[in-house]
Each structure stands twice: as structure tokens, then as C-alpha cells.
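# next input, structure requested:
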Amino acid sequence: MTEGRSAFLRVGLLILAGVGVLVGLVWFLGGTRISDGTIYESYFGESVQGLEVGVAVRYRGVAVGRVTDIGLVTAEYGVGSDTSLDQTTYRLVFVRYIVDSKRLGRVPDTETAVKLGLRARLASAGLTGITYIELDFQNPEKNPSMVVPWTPIGAYIPSVPTTLSRVEDATKVLIEKLNQIDIVRFADTANKLLENTNRLVAAMEEQVRGADLPGLTANMRQTSDALRRLADNPDIGRILAGSAATTEKLTQAIAQLPPLIASVQAVAKRADGGVADTQQALVPLLRDLAAASANLRDITASLRRDPAQVLTGQPPPRQTGNGP
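Predicted structure coming up:
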């Protein structure tokens, strides 16, 4: 029994030594060698479980610093503050870390970098399950910078939620919307819709049964056969061909109508001009004929009164009113 207990003790000590070596290795790779640099801090509204002091701060996977302090905002900035602790900003977790500027190289100042989209987020180290801080540039419009009512000890870099946190938030919003749905009312509406649909289907089936579908099909078949025979009739083809020829001739005749109309209009204009000239020539002639006719009436009247005037050529003697 003593030998068994000592074996278990040695195994336990070996496991503890292995865990210590692993923690030391993570500490070493996480940037414990960084002793000086710029102090930054970020605030997270989600759980930071797995994040420990000394773990790495990485920029796109490259270790550039290490975490130096983790705590609650209420304990760090809420003591002696006049700001109401009901604000969500005092429910955050602050993470302070140091970054070696030499490892970053030439970079803009913190304010400019934040405006360009520099953000901090929690990331997991894969199989180890250790959480670290990942720095990277995000879309500043989709990830706006949160304004805090206190003065940060280190340079402030806003944070963005992890993908899992976003999924959880979206799930919560979905659940809240589902809870707002009146399931009972929705079920009643669905049942009424189903009943109306069933009644409509039953009415349609009754109408179909009452309709003379065989007779209707036979009439449609007869109509189709008649149309087919009419289409196959050669007389129809000749009629259509004659109609096409007649249409072509009519088209040609219609095309000749405009010049014909123009010719008729020209002839009419010339005829109007000739009639006007004739009228102008006949007016003097008719006037002379009228004068000659008047003279002839006068001569006739004179001969009727004195026929001897033709032989003597003298006018008859004037008679007085006293008698012979």
C-alpha cells in the first residue's frame, strides 16, 4: 500500500510539473520578456473567462505585448465618481496591457489608429483554450468607438465583440422577438386559413364533379378537328393566295393615287384659269350683243309705226295735237 501511494504521489507531482512548464512556456511565448512599452486598455462587455495576466497581446497573430491587469470598471473607476452606476459603461471589464512599440514599427498615433478602425477583441489560442487579446483594424462605421465617462489610465483602444458573442446577441434578439409573437393567435389564424382552404377545395371538387367533362372534351375535340380540316382545305390556301395578290394590287393602286390626285388638281387649276379667261372675253361681246339687240328692237318698232320709211328713208311728218 505504501508503494502504491508513493507512485500516485510521483504521478501527481509529475502532472503538476508539466502544468507548470506549460504555463511557463505560455508566459514566455506570450511576451513576458516585454518590460517596457506603452500602456493601453480596452473595455469588454462580455465574459473574459480564460484571459489571465501575462498572456499575449497579438497584432494579426504576432506577439507585441502582454496583459498586465484585469478587473471591473466599477472597482477601478466607480469609486468616488458622481456618475450613476446604472450606466452600462460601469458594467464592463477593463483589460490593461503593455505593447512594445519596437515590435510594431512605424505606426500612427493611437487616436488616428482608432479613427482608422484599430480595435481589440478576445481570441482563443486553439487547443490550449487560453484567451488572449487580438489587435486588428475593423470597419469603423460598423464598429464605432464607445465613449467612456472616465479618464483611462492607459491609451484607450475600443473593443469589438467576438463572433460567438455576436451570435449569442443575435440569438437573444431572435428569442425576444419570438416571445413577442402571440402563438395562440397565430395558431387560430392558421386553423381558420386551413379551414377556408379545405372548403374552397371541396367546392371546386363539387363543381368538377357536376361539370360534363366528357362532353366538353368531345366538343373541344370536334372543334379541333374542324379547325384542322379547314386549315388543310386547298381552297383556303387559294383564297389566301388570291387575297395576298389582291392586297398587293391594292397597295400598288394606293401608291399611284397621290400623283393622280396631284394631276387632277393641276387640271382643275388650269380649267379654272381657262374659265376665268373665257368669262373675261365674253363680257364685252355680250354687252355689244345687248346693245345690238336694243337697236334692233328700236328699228323694228319704227318700221311697225312707219313701214314706208324703208323706201323713203325720211321720217314721217310730225302730227300736231289739233287734228288735220
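
# ok, the spatially closest residue to Ser124 that is not a sequence neighbour - contacts?
With Cβ to Cβ, 6 or more residues apart in numbering as the criterion, Ser124 has its nearest non-adjacent residue at 5.8 Å, and that residue is Thr131. (C-beta placed from N, C-alpha, C; glycine too.) Contact analysis of Thr131 by Cβ atoms under 8 Å, 6 or more residues apart in numbering lists 48-51, 55, 122-125.

# partners of the longest strand along the chain in the sheet?
Counting by DSSP state E, the longest strand found in the chain is strand 62-72. Using DSSP bridges, the strands paired with strand 62-72 are strand 56-59 (antiparallel), strand 93-99 (antiparallel).

# and the shortest one, what's buried?
Applying a neighbour-count criterion of 16 or more other Cβ atoms under 10 Å, one finds 56-59 buried in strand 56-59.

# any of the contacts of Thr131 buried? List them.
Members of the contacts of Thr131 classed as buried by 16+ other Cβ under 10 Å are 51, 55, 122-123, 125.

# please identify the helix or strand for the closest residue to Val62 other than its chain neighbours.
Nearest residue to Val62, sequence neighbours excluded (Cβ to Cβ, 6+ apart): Arg103, at 7.3 Å. Here Arg103 sits within helix 101-104, counting by DSSP states H and E.

# dump the residue contacts of the closest residue to Ala155 other than its chain neighbours.
Nearest residue to Ala155, sequence neighbours excluded (Cβ to Cβ, 6+ apart): Thr110, at 4.5 Å. Residues counted as contacts of Thr110 (Cβ under 8 Å, 6+ apart) are 40, 118, 155-157.

# so of the residues you listed, which ones are in strands?
Using DSSP E, the contacts of Thr110 in strands are 40, 118, 155-156.

# please tabulate those residues in TSV, including the columns pLDDT and distance to Gly12.
Below are these laid out as TSV (pLDDT from 0 to 100; distance: Cβ to Cβ, whole Å):
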residue	pLDDT	distance to Gly12
Tyr40	96	40
Leu118	93	46
Ala155	93	45
Tyr156	95	45
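
# name the member of the residues you listed with the most neighbours.
Tyr40 (23 neighbours; other Cβ atoms under 10 Å).

# I'd assumed Ile157 was in contact with that one.
Yes - with contact defined as Cβ atoms under 8 Å, Tyr40 reaches Ile157; the gap is 5.3 Å.

# overlap of the contact sets of these two?
With Cβ under 8 Å, 6+ apart as the test, Tyr40 and Ile157 both reach 110, 120.

# wait, is Ala266 part of a strand?
No - counting by DSSP: H, G, I helix; E, B strand; the rest coil, Ala266 is located in no strand; its state is helix.

# quick one: it from Pro258, how far?
Distance, Ala266 to Pro258, by Cβ to Cβ, to the nearest Å: 13 Å.

# low-scoring pLDDT stretches of the stretch 51-200 of the chain, where are they?
The stretch 51-200 of the chain contains residues with pLDDT under 70 at 80-86, 126-129, 163-178, 182.

# please enumerate the helices of it.
73-77, 101-104, 110-116, 163-180, 183-210 (DSSP state H, counting those that start in this stretch).

# identify those among the buried ones among the contacts of Thr131 that sit within strands.
Using DSSP E, the buried ones among the contacts of Thr131 in strands are 122-123.

# hmm, back to that, relative to Pro149, which of the ones in strands among the contacts of Thr110 is nearest.
Tyr156 (12.2 Å; Cβ to Cβ).

# ok, now which ones touch the residue nearest to that closest one when sequence neighbours are not counted?
In space, Tyr156 comes closest to Glu41 once its chain neighbours are excluded; the distance is 6.4 Å by Cβ to Cβ, 6+ apart. Applying Cβ under 8 Å, 6+ apart to Glu41 gives the contacts 94-97, 152-157.

# what does the pLDDT read for Glu41?
Glu41 is assigned a pLDDT of 95 by the prediction.

# for it, list each beta-bridge partner.
Here Glu41, judged by DSSP bridges, has bridge partners Arg96, Tyr156.

# how near is it to Val48?
13 Å.

# what do these two both touch?
Val95.

# burial measure for Thr88, as a count.
8.

# where does the closest residue to it other than its chain neighbours fall, phi/psi-wise?
Excluding the flanking residues, the one nearest Thr88 by Cβ to Cβ, 6+ apart is Gly45, at 7.4 Å. The phi and psi values for Gly45, taken as degrees, to the nearest 10, are phi -100, psi 10.
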